[in-house]
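Enquirer: got a sequence here, can you build the structure:
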Amino acid sequence: MRKLGFAGLLATLSLLVGTCAHAEEIKVTDLTGKTITLQKPAERIIAFPVPMASMVIALDQSADRLIAAHPEAYSAIEQGILGEFFPKAKALGTGILAGGAAQGSKPNVEAIAALQPDLVLQWAHAGNDNIAPLVNAGLNTAIVISGDDDTYVQQSLTMLGQAIGKPERAKMINDWHNDVIGKLQAGLKGVAEDKKPKVAYFFYSVDKLWTVGNNYHDGWQILLAGGRNAAADIDKWKQVSVEQVAEWNPEVIFISTFEDKASVKRFYDDPVLGLTDAAKNKRVYQMPMGGYRWDPGSAESPLGWMWLADILQPDLFNFDLRAEVKNWYPKLYGQTPTDKQIDAILRMDMNAGAKGYERFAAK
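Expert: Got it, this is the predicted structure:
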């Protein structure tokens, strides 16, 4: 066998290193179909799409890979259970929006680049003005397209599973999503439309009322769980007046936790909204917030769907939400919440006295 000289040995070692490095490359396909090549599983991720922060944590069962997130994602972590499960997540950077904004998607490119992320996640609807600066700065930027059902959530989980080298966890979570969707669809088969209550949902409700149509995830899941969306004809999201809500006269009202001061009292005490069937019959509920808010799409969306179905169709569905949380949180986050923590997730204090809510109380 011919002996290698020193130069030959170096060349061989270089080839081996290059081969190993190439073998570790990860191809990530974002929701626009664009392929992003990572030299290794992403260890430093920045998330503009608010639900993506909790998805990264659920897929990795840690907050180690997430280095910065949208302020509205941070508020969910701080107020919800992820901050208790993963105290490190409370120290996430939130200065990724230009001008120190609390909402929107305009990036502070200089601050983002300084964090040296392996991967940046950005909404498609943020527009090219808020995407191109990230790409032009040489940052690996994956685009997320919001959709009108759970498809984009599952695609996002698949993409993130690829990015961190854990595709099997993405599949496990997606299989759960599809299983619960199938159970709800089977349970509602043949149910007449007039047996489905009219529902109004508001993601902002303190000073102004913002709702969504059927062509947006939050509206779609109302239909999935056996309701009729009062705002069905609205395109994506829109601010509506108190008078419009009174005209709709919803039978059930759901509000989000996006605003710290959001409260069901706003609907019970309002001289106009208090006259709706929902308010008169004590059917105003605040959506739960666990690892993330249960109204937008996230890794734990099936829990939100089961909660909605139990409220909207109590004669058809009787999911044991507390048992479901105790079963799935260890699979998602590697930890089991206490009954007190589940009370907080289900907003037991806020929803006390609402019709049928006793079914969610600890036995």
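
Enquirer: so what does residue 113 have for phi and psi?
Expert: Dihedral pair for residue 113: phi -60, psi -40, per degrees, to the nearest 10.

Enquirer: these two touch, right, it and residue 140?
Expert: No - using CB atoms under 8 Å, residue 113 makes no contact with residue 140, being 11.8 Å away. All C-beta atoms are positioned from the backbone trio N, CA, C, and that covers glycine.

Enquirer: if you count what's nearby, which of these two comes out ahead?
Expert: Neighbours were counted for residue 113 and for residue 140 using other CB atoms under 10 Å; residue 140 has more, 20 against 16.

Enquirer: for that one, what are its contacts?
Expert: 36, 38, 42, 117-120 (CB atoms under 8 Å, 6 or more residues apart in numbering).

Enquirer: how close does it sit to residue 230?
Expert: Counting by CB to CB, to the nearest Å, the gap from residue 140 to residue 230 is 41 Å.

Enquirer: one more: residue 344?
Expert: In terms of CB to CB, residue 344 sits 29 Å off from residue 230.

Enquirer: those two: which has the busier surroundings?
Expert: Set residue 344 next to residue 230 and count neighbours by other CB under 10 Å: residue 230 wins out with 27 against 19.

Enquirer: can you tell me the closest non-neighbouring residue to the more buried one?
Expert: residue 248 (4.0 Å; CB to CB, 6 or more residues apart in numbering).

Enquirer: quick one: residue 314 and residue 164, what's the gap?
Expert: 39 Å.

Enquirer: over to residue 24?
Expert: Distance, residue 24 to residue 164, by CB to CB: 13 Å.

Enquirer: these two: who's more crowded?
Expert: Ranked by neighbour count (other CB under 10 Å), residue 24 and residue 164 place residue 164 first, with 22 against 12.

Enquirer: so that one touches residue 60, yeah?
Expert: Yes - counting by CB under 8 Å, residue 60 is a contact partner of residue 164 at 5.7 Å.

Enquirer: and stretch 244-253, what's buried?
Expert: 244-245, 248, 250-253 (16 or more other CB atoms under 10 Å).

Enquirer: repeat for stretch 202-215
Expert: Buried positions in stretch 202-215, judged by neighbour count with 16+ other CB under 10 Å: 202-205, 209, 211-215.

Enquirer: find the nearest non-adjacent residue to residue 52, please.
Expert: Spatial nearest neighbour of residue 52, chain neighbours left out: residue 121 (5.0 Å); criterion: CB to CB, 6+ apart.

Enquirer: please name the residues that touch the one you found.
Expert: Contacts of residue 121 (CB under 8 Å, 6+ apart): 45-49, 52, 141-142, 144.

Enquirer: phi, psi for it please.
Expert: In terms of degrees, to the nearest 10, the main-chain angles of residue 121 are phi -100, psi 130.

Enquirer: about what we covered before: out of the buried residues of stretch 244-253, who's nearest residue 330?
Expert: Checking these against residue 330 by CB to CB gives residue 252 as the nearest, at 31.4 Å.

Enquirer: who does that closest one form a beta bridge with?
Expert: residue 199 (DSSP bridges).

Enquirer: any idea how far it is from residue 222?
Expert: Distance from residue 252 to residue 222, by CB to CB: 9 Å.

Enquirer: intersection of neighbour lists for these two?
Expert: 199, 312.

Enquirer: circling back to that earlier point, mind giving me TSV with the buried residues of stretch 244-253 and columns for distance to residue 158?
Expert: Output for the buried residues of stretch 244-253, formatted as TSV (distance: CB to CB, whole Å):
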residue	distance to residue 158
244	38
245	37
248	37
250	35
251	37
252	33
253	34
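
Enquirer: show the low-confidence segments of the protein, by residue range.
Expert: Scanning the chain with the threshold set as pLDDT under 70 gives 1-23.

Enquirer: which helix of it spans the most residues?
Expert: When the chain is parsed with DSSP state H, its longest helix is helix 167-187.

Enquirer: and that one, what does it pack against?
Expert: Helices and strands touching helix 167-187, by 3 or more CB pairs under 8 Å, 6 or more residues apart in numbering; DSSP states H and E, are helix 50-60, helix 151-164, helix 217-224, helix 301-312, helix 321-333.

Enquirer: and the longest one, which residues are buried?
Expert: Buried positions in helix 151-164, judged by neighbour count with 16+ other CB under 10 Å: 152-164.

Enquirer: touching, residue 354 and residue 279? I think so.
Expert: No - between residue 354 and residue 279 there is no contact, the gap being 10.7 Å when judged by CB under 8 Å.

Enquirer: next, residue 145: phi, psi?
Expert: According to degrees, to the nearest 10, residue 145 has phi -100, psi 120.

Enquirer: list the contacts of it.
Expert: Contact analysis of residue 145 by CB under 8 Å, 6+ apart lists 31-32, 123-125, 152.

Enquirer: for residue 194, state which of those residues is nearest.
Expert: Out of the contacts of residue 145, the member with the shortest distance to residue 194 (by CB to CB) is residue 152, at 30.9 Å.

Enquirer: could you pull up the contacting residues of the closest one?
Expert: 31, 144-146, 217, 297.

Enquirer: which of those residues has the largest number of neighbours?
Expert: That'd be residue 297 among these, by other CB under 10 Å, with 28 neighbours.

Enquirer: you'd agree residue 354 is in a helix?
Expert: No - secondary structure of residue 354 (DSSP: H, G, I helix; E, B strand; the rest coil): coil, not part of a helix.
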